[in-house]
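Chemist: the following comprises the amino acid sequence and a computationally predicted model.
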Amino acid sequence: MIDTTSPPQEATSAPPRVSRGRLVLVLVAATVLIGTLVVLSSIVGTRMLAPADLWNAVWTFDPSDDAHLLLMNRRLPRAALALLVGAALGAAGVVMQSLTRNPIAEPGLLGVNAGAAVAVALAIALAGAVAPIAYFGAALVGAAAAGALVMLLGGVRRGSDPVRLVLAGAALSVVLGALAQIVIVNGDDMVFDRYRAWAVGSLAGRDGDVLPPAALLIGIGLVLVLMLSRALDAASLGPEAARALGSRPAVVWTVAGVAVVVLAGGATAAAGPIAFVGLTAPHVARMLVGSDHHRMLPTAMALGAALVLVADVLGRVVAPPGEVGVGIMVAVLGGPFFVALVRRRRLAPL
């Protein structure tokens, strides 16, 4: 039985369940939307292609056809990376909001963005890193180290206090951000230009070499969070209620924290820092399908993937012949959308 002496905010009443039919409808609609966006992502760019080119490239690939080579070597891997990055950030956002019981929590609270930033800055300044795969490796190491340090400082092994975790993440992010700025300011123009190209968040050029390791890493993280869906339902009620339900908060916090670091670190390493996806997608998913994590997680993953794809496609058409980084476009789209969401109604309850 749940301890009724615990504070009311620790164990809130469960929100009304959403019908399975609505969940199926939402996921089907999201799948159709993502399929449409993948087609658009494949044919839109500096060189516009026809849908027939995509069909022929997939089913009757001709290595002598420039359009087929562009699609198979650039456009489709880029769309796949956008899907992975968006799904990873959406899922990581759900986990962070549930663990911290904070509706404005997002994956960056674990310091992964700041850790990745300082690692990339050092790789560029000290090792002359140029290739996207080099940025990926450096960012992944930095994100993992920062996330692990925040989890230790936040006392994850003891079940963790959400406030302590947030404070640890904020403090470490400030310190690492300052270190990254020191490296960039004291570097030459080349260091600044390369770091800026990574820091705006972009999928351009990060396809062939980056996609396989990113897919493996993010795939592991997604499997972890999906396996934790029931445990996250209990964790979102607070540690006392979770223990009463037979859960082990310290174990859940540790495994979920590792999953968030893997997901957010992999996404940031692959595409650079991208804001708002991990904040907005969980809220929209919660409004659509309720707070059961086995429903909310796949919905947030689909919404996050769709948001990154939309931002990537729009980034190619707003400033031709160049393009705007997906990180900038997500902020342009996600910021006003989230403000409108807050003004229109209360944030969906956790």
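Modeler: Great, that's in hand. Keep in mind that what you see is a predicted model, and the values were worked out from it rather than measured.
Chemist: Met151 - how many residues pack around it?
Modeler: 23 (other Cβ atoms under 10 Å). In short, each C-beta sits where N, CA and C put it, glycine included.
Chemist: thought it was touching Thr254?
Modeler: Yes: using Cβ atoms under 8 Å, Met151 is in contact with Thr254, at 7.5 Å.
Chemist: what residue ranges in the stretch 1-150 of the chain score low on pLDDT?
Modeler: 1-19 (pLDDT under 70).
Chemist: try 80
Modeler: Within the stretch 1-150 of the chain, the stretches with pLDDT under 80 are 1-21, 101-105, 109, 128-130.
Chemist: quick one: the helices in it?
Modeler: Secondary structure of the stretch 1-150 of the chain (DSSP state H, counting those that start in this stretch): helices located at 20-43, 51-59, 66-70, 76-100, 112-127, 132-153.
Chemist: for Met151 and Thr254, list the residues in contact with both.
Modeler: Contact with both Met151 and Thr254 is made by no residue, according to Cβ atoms under 8 Å, 6 or more residues apart in numbering.
Chemist: most packed of the helices of the stretch 1-150 of the chain?
Modeler: Here the criterion is mean neighbour count by mean count of other Cβ atoms under 10 Å, and of the helices of the stretch 1-150 of the chain the winner is helix 76-100, at a mean of 28.
Chemist: ok and it relative to helix 20-43, angle-wise?
Modeler: 140 degrees (axes from the mean of the first three to the mean of the last three Cα atoms, to 10 degrees).
Chemist: which secondary structure elements does helix 76-100 contact?
Modeler: When contacts are defined as 3 or more Cβ pairs under 8 Å, 6 or more residues apart in numbering; DSSP states H and E, helix 76-100 packs onto helix 20-43, helix 162-185, helix 211-227, helix 229-235, helix 249-271, helix 277-289, helix 293-317.
Chemist: now do the residue sitting nearest the centre point of the chain against Leu153, distance only.
Modeler: Central residue of the chain (Cα atoms, centre = their mean): Leu89, 1.4 Å from the mean position. As judged by Cβ to Cβ, to the nearest Å, Leu89 and Leu153 stand 23 Å apart.
Chemist: same thing with Leu84?
Modeler: From Leu84 to Leu153 the distance is 29 Å (Cβ to Cβ).
Chemist: also Leu333?
Modeler: 33 Å.
Chemist: what's the answer for Val44, then?
Modeler: From Val44 to Leu153 the distance is 44 Å (Cβ to Cβ).
Chemist: try Ala129
Modeler: Using Cβ to Cβ, one gets 28 Å for the distance from Ala129 to Leu153.
Chemist: please apply the same query to Ala215.
Modeler: Counting by Cβ to Cβ, the gap from Ala215 to Leu153 is 31 Å.
Chemist: likewise for Phe136?
Modeler: Taken as Cβ to Cβ, the span from Phe136 to Leu153 is 26 Å.
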